[in-house]
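Undergrad: structure of the sequence below:
(2 chains)
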Protein chains: 2
Amino acid sequence: MRLLTAVDQLFLLLESRKQPMHVGGLFVFELPDNADSDFVYQLVKQMQESDVPPSFPFNQVLEHLAFWKKDKDFDVEHHLHHVALPSPGRVRELLMYVSREHGRLLDRAMPLWECHVIEGIQPEIEGGPERFAWYFKIHHSLVDGIAAMRLVQKSLSQSPTEPVTLPVWSLMARHRNQVNAILPAERSIRGIIKEQISTIKPVFTELLDNVKNYGDEGYVGTFDAPMSILNKRISASRRIAAQSYDIQRFNDIAERLKISRNDVVLAVCAGAIRRYLISMDALPSKPLIAFVPMSLRTDNSISGNQLSFVLANLGTHLDNPLRRIELIHRSMNNGKRRFRRMNQAQVINYSIVSYAWQGINLATGLFPRKQAFNLIISNVPGSEKPLYWNGARLQSLYPASIVFNGQAMNITLASYLDKIEFGITACSKALPRVQDMLMLIEEELQLLETTSKELAFKGITVEDKNDNKGNNKTKKLAP
Amino acid sequence: MRLLTAVDQLFLLLESRKQPMHVGGLFVFELPDNADSDFVYQLVKQMQESDVPPSFPFNQVLEHLAFWKKDKDFDVEHHLHHVALPSPGRVRELLMYVSREHGRLLDRAMPLWECHVIEGIQPEIEGGPERFAWYFKIHHSLVDGIAAMRLVQKSLSQSPTEPVTLPVWSLMARHRNQVNAILPAERSIRGIIKEQISTIKPVFTELLDNVKNYGDEGYVGTFDAPMSILNKRISASRRIAAQSYDIQRFNDIAERLKISRNDVVLAVCAGAIRRYLISMDALPSKPLIAFVPMSLRTDNSISGNQLSFVLANLGTHLDNPLRRIELIHRSMNNGKRRFRRMNQAQVINYSIVSYAWQGINLATGLFPRKQAFNLIISNVPGSEKPLYWNGARLQSLYPASIVFNGQAMNITLASYLDKIEFGITACSKALPRVQDMLMLIEEELQLLETTSKELAFKGITVEDKNDNKGNNKTKKLAP
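TA: Numbering: from 1, shown residues only, chains lettered A, B, ... in the order given. Just a heads-up that it's a prediction; the model follows:
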């Protein structure tokens, strides 16, 4: 038995039919050359018949919304699903299936995770290998999205010839140390409470800082986000849109403008969202604010979730893509400096304050017009090395995340090999045709490629000359 | 808003992770000749895009476990699932899929039903038409199994050329009177309470009757069932086994022995269960008792659920199949006479008394060694006419029912055209290899065919000469 932490409880309390609180990942594999026709069947069978028991946290079940305990009735049959896509088996049908499953609540009577092996996906290009997918879904109270993606990747092999011997839910049996590093440590109640209390002062200092710097566009506070259709109430219907883009295209733009790749990613998202909102005649006059989780790790240790976040001004009110990118770059730099001062527990509490609107909404049924931010744009760890599942090459991986009342879209990215993989999770009722975002991302990427080439030709870059007081002396690019 | 009835609440209270309380039906269709490759896709699309709202009870959602109310957030996406079978797409894979879905709890935050369109099922015989299936799942508190099967059949067409225009959940829009006849009437709270009270006396008279006739093998009471492996605690894992048998084979045996077809069905089940238990060295020395729901309708009206039930002695302790069939016949006749005296409300209360063991178990965590019966063997209405779904012929339909703690197997049958369709629902942990039952049913059927032929040749039948006092003067057949 293990007491639920405040964060576990937050995720469980926020959960409702319309707001499931699980994260997910979609992993698409290519069948190996000369694979037997029952290749996927054998993979599933291997997992079904594995006699290694599930390890922490995959064996944990809720007890009265107060404790986690080991599930004595664990049966893999309830967690492992094997289906095929209905014809024609395109990526469209795959995303339909995943969207629907992602909208279904996990059953709280069992350990809060599921995985689906989905076969019968058309080859990417005619004559290419047929594909299958693995959709993984786990409650945010068990692990966060980053840990979920890491765990699945950990369960795969880095070699096409080395077989995978353990299903992801039994990983701990042979990789205890590595898995422990991914998962949050088990801690005493006293430790949790002490840490929570110690965060109160720094969190309120930061909130105060928000007020002090009110008026500086590059300094984004907690109450600056305008209302938009991204911030409507959500329904229980989800739509997942996913696509891969060459990482080199982002790197080239970043290099030409002398900014980070992350800034370019945000600028592409910002431009695409701007186009999406304009297409629905719903662009707010104030810029949208993105909640951008950031890694705080400075060393190369694999230890856990040293996470912080930044509120980034997306400059969606600006028509000029370079002025937009400049503003994003500036607000990211300000934000990074600010949150670097906080430790993990403080950041979590800060994020609880930010989520507090959700809590008020939940408790009172009121729907606050003020939002701390308009959407979450986050990065989860991918892999630079190709991964394999009994010889089947992982072709791409797409994160699927959570949307909330007031947060109807989430963009999560992962890099894998030479691609950036975009997974967009949205409420399909609040945001119709969210799959259009994929095309708009491509359009914005092309625009930034062209524009940055022209600038690089003229020798102009987005130079950052912040001094220590947070004043920005950025060379203005746009006319 | 509509108050939950006592029976609704019973089904909801008895429900747990290990004991989902929904009934289901599996309907297998053949693709029409020259069907487009997207035939099933179009069927699903038609249902998804239907703009006729769901009708009662498909639009009802639970409110605080006390009321049913109309679901304002109804979204067909949460109820209609479209998948394909993983290869090789045999009936085995179909039943695996249905077994797993049948073991999953329905989400109480939504109207308590789901349907699954499953494509990619191999032809029955090589070169035959490819098949698809429709698995329908609805909570027993909304409709009983009989109503569920009737509703789905009502939604189909009796002609291959007449299209189906409404999904089953919107049937009421055009067939209000016919659907009302299938569903339980909405009644006032006062009416429900009055009826419940009026049943107390007759129910206790019957229970007393059980005690008075104690000792007569043909007179089955509420406490005669022996313990058996059919009456173990159940897990959350289900196995559905299903097969069709020619109805003529049962009719021939019934005619030769001058008994009802229902008696033959019970005898075949009894013999198969005896074989199954012997194979696991688990045959009790006392005969197993079956709970057999019976229709009380004497007219041809279509009005509702005039249901009663009989406790039948299955004679599983007898090696001789004819002595077994004779005992079954006799105890069925006694039971029918007895329960004919009760009205529907009385029967329901009687069945609550019988289910009371479940209630005690639930409330106390004790597991009573005494069972009112060993398993339910029931009949749900099939169809004598072929049914079609936009030209796709319904090939077979299999009921999927509920198992309880202490009731780990359920056999439900339906007749369709010239077949009797057996659907066996079991807990796969309590009862391993339950699919063996299908083969054992075939073996028993063959044995009864041979034996009845021999007897008919000698001119001997199972003659029923019950007088009004319940004494039996049956001609003894077996040596």
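
Undergrad: quick check: closest non-adjacent residue to the residue of the stretch 151-300 of chain A found nearest chain B.
TA: Nearest to chain B in the stretch 151-300 of chain A, going by CB to the nearest CB, is residue A:237, at a distance of 5.4 Å. Heads up, the C-betas are built off the backbone N, CA and C, glycines and all. Among residues not flanking residue A:237 along the chain, residue A:428 sits closest, at 4.6 Å (CB to CB, 6 or more residues apart in numbering or on different chains).

Undergrad: neighbouring contacts of stretch A:251-267?
TA: For stretch A:251-267, contacts defined as CB atoms under 8 Å, 6 or more residues apart in numbering or on different chains pick out A:247, A:250, A:290, A:292, A:312, A:314, A:321, A:324-325, A:328-329, A:332, A:377, A:379, A:413, A:420, A:444, A:448-449, A:452-453, A:455-456, A:461-464.

Undergrad: which of the residues you listed count as buried?
TA: Among these, those classed as buried by neighbour count (16 or more other CB atoms under 10 Å in any protein chain shown) are A:247, A:250, A:290, A:292, A:312, A:314, A:321, A:324-325, A:328-329, A:332, A:377, A:379, A:413, A:420, A:444, A:448, A:452, A:455-456, A:461-462, A:464.

Undergrad: could you pick out which of the contacts of stretch A:251-267 are near chain B?
TA: By CB under 8 Å from any CB of the partner chain, no member of these lies near chain B.

Undergrad: now, those that are in helices?
TA: Applying DSSP state H to those, the entries found in helices are A:247, A:250, A:321, A:324-325, A:328-329, A:332, A:444, A:448-449, A:452-453, A:455-456.

Undergrad: tell me the one among those nearest to residue A:127.
TA: Set against residue A:127, the nearest of these by CB to CB is residue A:247 (26.0 Å).

Undergrad: list the contacts of the closest one.
TA: Applying CB under 8 Å, 6+ apart, the residues near residue A:247 are A:261, A:415, A:418-420.

Undergrad: identify the residue nearest the residue nearest the centre of chain A in space, chain neighbours excluded?
TA: A centroid search over chain A (CA atoms, centre = their mean) returns residue A:412, at 3.5 Å, as the residue closest to the centre. Residue nearest to residue A:412 in three dimensions, not counting chain neighbours: residue A:399, with 3.9 Å by CB to CB, 6+ apart.

Undergrad: which neighbouring elements make contact with the helix or strand harbouring the one you found?
TA: Assessed by DSSP states H and E, residue A:399 sits inside strand A:392-400. Counting by 3 or more CB pairs under 8 Å, 6 or more residues apart in numbering or on different chains; DSSP states H and E, the packing neighbours recorded for strand A:392-400 are strand A:22-30, strand A:131-139, helix A:145-155, strand A:238-246, strand A:409-416, strand A:419-427.

Undergrad: stretch A:71-83: end-to-end distance?
TA: 26 Å (CA to CA, to the nearest Å).

Undergrad: check whether that stretch comes near chain B.
TA: Yes - for stretch A:71-83, a contact with chain B is found by CB under 8 Å from any CB, at A:73, A:75, A:77-78, A:81-83.

Undergrad: quick one: distance of that stretch to the chain centre.
TA: 26 Å (CA atoms, centre = their mean, to the nearest Å).

Undergrad: burial of residue A:395, as a residue count?
TA: 21 (other CB atoms under 10 Å in any protein chain shown).

Undergrad: dump the residue contacts of the residue nearest to residue A:412.
TA: Here residue A:399 is in contact with A:23-25, A:145, A:149, A:380, A:412-414, A:421, A:423 (CB under 8 Å, 6+ apart).

Undergrad: pick the one among the residues you listed closest to residue A:438.
TA: Out of the contacts of residue A:399, the member with the shortest distance to residue A:438 (by CB to CB) is residue A:423, at 10.6 Å.

Undergrad: picking up where we left off before, name the member of the contacts of residue A:247 with the most neighbours.
TA: Going by other CB under 10 Å, residue A:420 tops those with 25 neighbours.

Undergrad: next one: stretch A:25-41, is it in contact with chain B?
TA: Yes - with CB under 8 Å from any CB as the measure, stretch A:25-41 is seen reaching chain B through A:37-38, A:40-41.

Undergrad: and the end-to-end length of that stretch?
TA: Where stretch A:25-41 begins and where it ends lie 21 Å apart, using CA to CA.

Undergrad: cool, and stretch A:402-418?
TA: So stretch A:402-418: terminal residues 26 Å apart, CA to CA.

Undergrad: that stretch: which residues count as buried?
TA: Quick answer for stretch A:402-418 (16+ other CB under 10 Å): A:402-417.

Undergrad: quick revisit: wait, which of the contacts of residue A:399 is closest to residue B:104?
TA: residue A:24 (17.8 Å).

Undergrad: can you pull the contacts of that closest one?
TA: Residues in contact with residue A:24, defined by CB under 8 Å, 6+ apart, are A:98, A:102, A:135-138, A:148, A:399-401.

Undergrad: now it. Nearest residue, chain neighbours left out?
TA: residue A:400 (3.7 Å).

Undergrad: give me the neighbour count for the one you found.
TA: 27.

Undergrad: hmm, back to that, got a winner among the residues of stretch A:25-41 next to chain B for most neighbours?
TA: residue A:40 (26 neighbours).

Undergrad: you'd agree that one is in a helix?
TA: Yes - checked against DSSP: H, G, I helix; E, B strand; the rest coil, residue A:40 lies within a helix.

Undergrad: with adjacent residues omitted, what lies nearest to it?
TA: With CB to CB, 6+ apart as the criterion, residue A:40 has its nearest non-adjacent residue at 4.5 Å, and that residue is residue A:119.

Undergrad: across the sheet, point out what pairs with that neighbour.
TA: residue A:84 (DSSP bridges).
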